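1. Next comes the sequence, and after it the predicted model I'd like to discuss.
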Amino acid sequence: AQSVTQLGSHVSVSEGALVLLRCNYSSSVPPYLFWYVQYPNQGLQLLLKYTSAATLVKGINGFEAEFKKSETSFHLTKPSAHMSDAAEYFCAGSVSTGANSKLTFGKGITLSVRP
Amino acid sequence: GAGVSQSPRYKVAKRGQDVALRCDPISGHVSLFWYQQALGQGPEFLTYFQNEAQLDKSGLPSDRFFAERPEGSVSTLKIQRTQQEDSAVYLCASSPGLAPTDTQYFGPGTRLTVL
């Protein structure tokens, strides 16, 4: 079985500050990992994904994440926060178990950006 | 091109009523997923279709929940005799293939409120 843990429910940063959103996974097999962003009244949008090709993954809007097997982590970072980054962020994982590649999501983290 | 669309966007039902939620996936996408997102939580898997075949319905919470995708494109999630605990946002996602690394594209969701 796989689970994804996002510690904390809310992160607040100042505009221009580093953004760090944490995600840890537990899985009996190497997972594929995703970060999605959800703006109010909109669907989930993919930021980036880890598919085992490279441990450092760059995504849209300046976000990146590093897969660290030794720490079972896939933390999301952005060097400089922008007001438009305020949203809810979800980490998710999937494993190759045959025909179903369903995603297992963490609880999500709300990012606030202060002017 | 058009993304995943869902209708209605909002649905209010009285307890005991039946509801039907529609998902129009991206044209040509083989895989279709339904997720349930309770308030303040991450999405949870309900069911999965590969074309018209429902290959996994392990996440459906009770036999009041039924999903279909008869022609391998549009899908409907039906909830019979709605209960208050069914109140949630129902998300539909589609992906082009079968691989666990394929990106799932999400619709905006249907917010169901059961009174």
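-> Great, that's in hand.

2. can you list the weak-confidence ranges in the chain?
-> No chain was given, so I picked chain A. A:1, A:28-30, A:96-99 (pLDDT under 70).

3. hmm, I had chain B in mind actually
-> For chain B, the stretches with pLDDT under 70 are B:1.

4. Check the spacing between residue B:78 and residue B:63 real quick.
-> Counting by C-beta to C-beta, to the nearest Å, the gap from residue B:78 to residue B:63 is 11 Å. Every C-beta, even on glycine, is put in place using the N, C-alpha and C of the backbone.

5. okay, these two: which has more neighbours?
-> Neighbour tally, residue B:78 and residue B:63, criterion other C-beta atoms under 10 Å in any protein chain shown: the higher count belongs to residue B:78, 13 against 7.

6. Tell me what that one is bridged to.
-> residue B:20, residue B:66 (DSSP bridges).

7. List the contacts of it.
-> Contacts for residue B:78 (C-beta atoms under 8 Å, 6 or more residues apart in numbering or on different chains) come out as B:18-21, B:65-68.

8. Where do the strands of chain B begin and end?
-> B:5-7, B:10-13, B:19-24, B:31-37, B:44-50, B:53-56, B:65-68, B:75-79, B:88-95, B:105-106, B:110-114 (DSSP state E).

9. In contact with the nearest residue to residue A:2 once chain neighbours are set aside, which residues?
-> Residue nearest to residue A:2 in three dimensions, not counting chain neighbours: residue A:27, with 4.3 Å by C-beta to C-beta, 6 or more residues apart in numbering or on different chains. Taking C-beta under 8 Å, 6+ apart, we find residue A:27 in contact with A:1-3, A:93, A:95.

10. Quick one: mark the members of those that sit in strands.
-> Short answer: these in strands (DSSP E) are A:3, A:93.

11. closest to chain B among the contacts of residue A:27?
-> Within the contacts of residue A:27, the smallest distance to chain B is 6.4 Å, found for residue A:95 (C-beta to the nearest C-beta).

12. gap between that closest one and residue A:103?
-> Residue A:95 is 10 Å from residue A:103, by C-beta to C-beta.

13. Look at those two and report which has more neighbours.
-> Legend: neighbour count by other C-beta under 10 Å for residue A:95 and residue A:103, higher for residue A:103 (27 against 19).

14. Distance-wise, check the more buried one relative to chain B.
-> Distance, residue A:103 to chain B, using C-beta to the nearest C-beta, to the nearest Å: 6 Å.

15. Would you mind listing what in chain B touches chain A?
-> B:3-4, B:31, B:33, B:35, B:40-45, B:48, B:50, B:55-56, B:59, B:91, B:93, B:95, B:98-109 (C-beta under 8 Å from any C-beta of the partner chain).
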